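# Got a predicted structure here, sequence first:
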Amino acid sequence: MTAARIGLGIGMSAALALAHAQTSATPGRTNGPSFNGPSFSCAKVGPESVEALICSDAELSRLDQALAKSFQDTVAAIDVLAAVTDMRIEHRSWLAERRMCLGGPRAVQRECVANMYKDRLGRLSLWRDGTLVEEYR
């Protein structure tokens, strides 16, 4: 693993907390985003955060639930530890990058977040189907 890849995971405690919350989402839960639970909830997010935007939008909450499920399924499907580690680092970086959607009109923020979720779902499918894991074998 390169120093740049390792560096992506350093200093992102909020992203790590959110990643943990997403991976521990209750399967089948449909109300709100995956991170809306006892340890990290919509009631605790800052009003100008990307999480607040997700909490206030039914489609973004649905996309967040789908991403949490896809993340869990992807971790379970990858059989190479180094690949799982890199996929998790990539995901933490994505969580941080998602904040770039803030600013500007709310509709633009919403569209940006929705597109990021859709892109991330596609990227996770590449990890899950083994396409991105082949370089580790």
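Now that the structure is in, tell me what you want to look at.

# what's the spacing between the residue nearest the centre of the chain and residue 121?
For the chain, residue 95 is the residue whose C-alpha lies nearest the centre (CA atoms, centre = their mean; 5.3 Å). Between residue 95 and residue 121 the distance, using CB to CB, to the nearest Å, works out to 14 Å. Where C-beta positions appear, they are placed from N, C-alpha and C, glycine not excepted.

# where's residue 65, which helix or strand?
Using DSSP states H and E, residue 65 sits in helix 58-77.

# Which neighbouring residues are in contact with the nearest residue to residue 54 once chain neighbours are set aside, exactly?
Leaving aside its chain neighbours, residue 54 sits nearest to residue 60 (4.4 Å; criterion: CB to CB, 6 or more residues apart in numbering). Residue 60 makes contact with 33, 53, 54, 110, 113, 114, 117, according to CB atoms under 8 Å, 6 or more residues apart in numbering.

# Going by distance to residue 44, which of those residues wins?
Nearest to residue 44 among those is residue 33, at 12.3 Å by CB to CB.

# Tell me where the model's unsure across this structure.
Along the chain, segments meeting pLDDT under 70 span 1-30.
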